[in-house]
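1. could you look at this predicted model? Sequence included:
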Amino acid sequence: MLGARLSRMREIELRRHAKRQSGADALSAEGRAQAEDVGRTLATDYASIFVSPARRAAETVAWFLRASGQQLPGHAVVPGLASEREDEWRSVASAAGSSRIDAMAEQDPEMMGTESRRLAEALGELFDRVPEGGRALAVGHTPLIEAAVYGLTGVIVDPLSECEGVSVIREDEGRYRIREWRLSPGAQAGTV
């Protein structure tokens, strides 16, 4: 029974893109090295890859896969991993003095409620594209990842730094568990 239960679970590992080049939608040299270092620690069994439409997200995935040795599995650019309200996100975070979801929601509950629901719906749809028992990698942006996790699970994740992430595991009962992937000083990747 346990084997059958595990096979119905699906996991999406959401990662923030690596360090970007100033003023460009591209990774910096430091970001490419960072993504390659983190890629050496990642799983090599992703069934699917999803990226936001941003070039820096696709470049991050490319360096992750290069370092992990995994060939590119089925993949898609997912517009729902980005937001057309990018300037509003920045403005709300600035006014809140933080990019934590709860601080931003206190500042602008309407925008955060609408965007968290939209991002959660996009994340929920991605789960339907992951095979039972499978794992996917999605690379996007902060605080959109944190808003999607909050909208789907109600869990507030502290803001992610470059290449950090959170795995969301959907169990067969429709419940969710999360696991954070943080980079610690002096180390490349790890879990909290």
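-> Sure thing, it's come through. Numbers count the residues shown, from 1 in each chain.

2. helices of this protein, residue ranges please.
-> Along the chain, counting by DSSP state H, helices occupy 2-7, 29-39, 55-68, 86-96, 101-107, 109-127, 144-153.

3. now render those helices as JSON lines, adding mean neighbour count, mean pLDDT and distance to P159.
-> In short, each C-beta sits where N, CA and C put it, glycine included. JSON lines is the format used below for the helices of the chain (neighbours: other Cβ atoms under 10 Å; pLDDT from 0 to 100; distance: least, Cβ to Cβ, whole Å):
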{"stretch": "helix 2-7", "mean neighbour count": "10", "mean pLDDT": "50", "distance to P159": "31"}
{"stretch": "helix 29-39", "mean neighbour count": "19", "mean pLDDT": "97", "distance to P159": "17"}
{"stretch": "helix 55-68", "mean neighbour count": "21", "mean pLDDT": "98", "distance to P159": "17"}
{"stretch": "helix 86-96", "mean neighbour count": "15", "mean pLDDT": "96", "distance to P159": "9"}
{"stretch": "helix 101-107", "mean neighbour count": "19", "mean pLDDT": "97", "distance to P159": "9"}
{"stretch": "helix 109-127", "mean neighbour count": "18", "mean pLDDT": "97", "distance to P159": "14"}
{"stretch": "helix 144-153", "mean neighbour count": "25", "mean pLDDT": "97", "distance to P159": "6"}
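
4. of all these, which lies closest to R20?
-> Proximity to R20 (Cβ to Cβ) singles out helix 55-68 among the helices of the chain, at 5.0 Å.

5. redo the helices of the chain as a markdown table? Include distance to W181.
-> Below are the helices of the chain laid out as a markdown table (distance: least, Cβ to Cβ, whole Å):
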| stretch | distance to W181 |
| --- | --- |
| helix 2-7 | 21 |
| helix 29-39 | 9 |
| helix 55-68 | 12 |
| helix 86-96 | 22 |
| helix 101-107 | 18 |
| helix 109-127 | 16 |
| helix 144-153 | 11 |
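
6. of all those helices, which one comes closest to Y46?
-> Y46 lies closest to helix 55-68 among the helices of the chain, at 8.4 Å (Cβ to Cβ).

7. packing partners of the closest one?
-> helix 29-39, strand 48-51, strand 135-140 (3 or more Cβ pairs under 8 Å, 6 or more residues apart in numbering; DSSP states H and E).

8. in a markdown table: those, plus distance to L65.
-> Putting the helices and strands packed on helix 55-68 into a markdown table (distance: least, Cβ to Cβ, whole Å) gives the following:
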| stretch | distance to L65 |
| --- | --- |
| helix 29-39 | 7 |
| strand 48-51 | 8 |
| strand 135-140 | 9 |
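
9. of all the ones you listed, which one is nearest R85?
-> That would be strand 135-140 among those, by Cβ to Cβ, at 14.4 Å.

10. now the closest one, how far from the centre of its chain.
-> 6 Å (Cα atoms, centre = their mean, to the nearest Å).

11. pairing partners for that strand, with directions?
-> strand 10-16 (parallel), strand 48-51 (parallel) (DSSP bridges).
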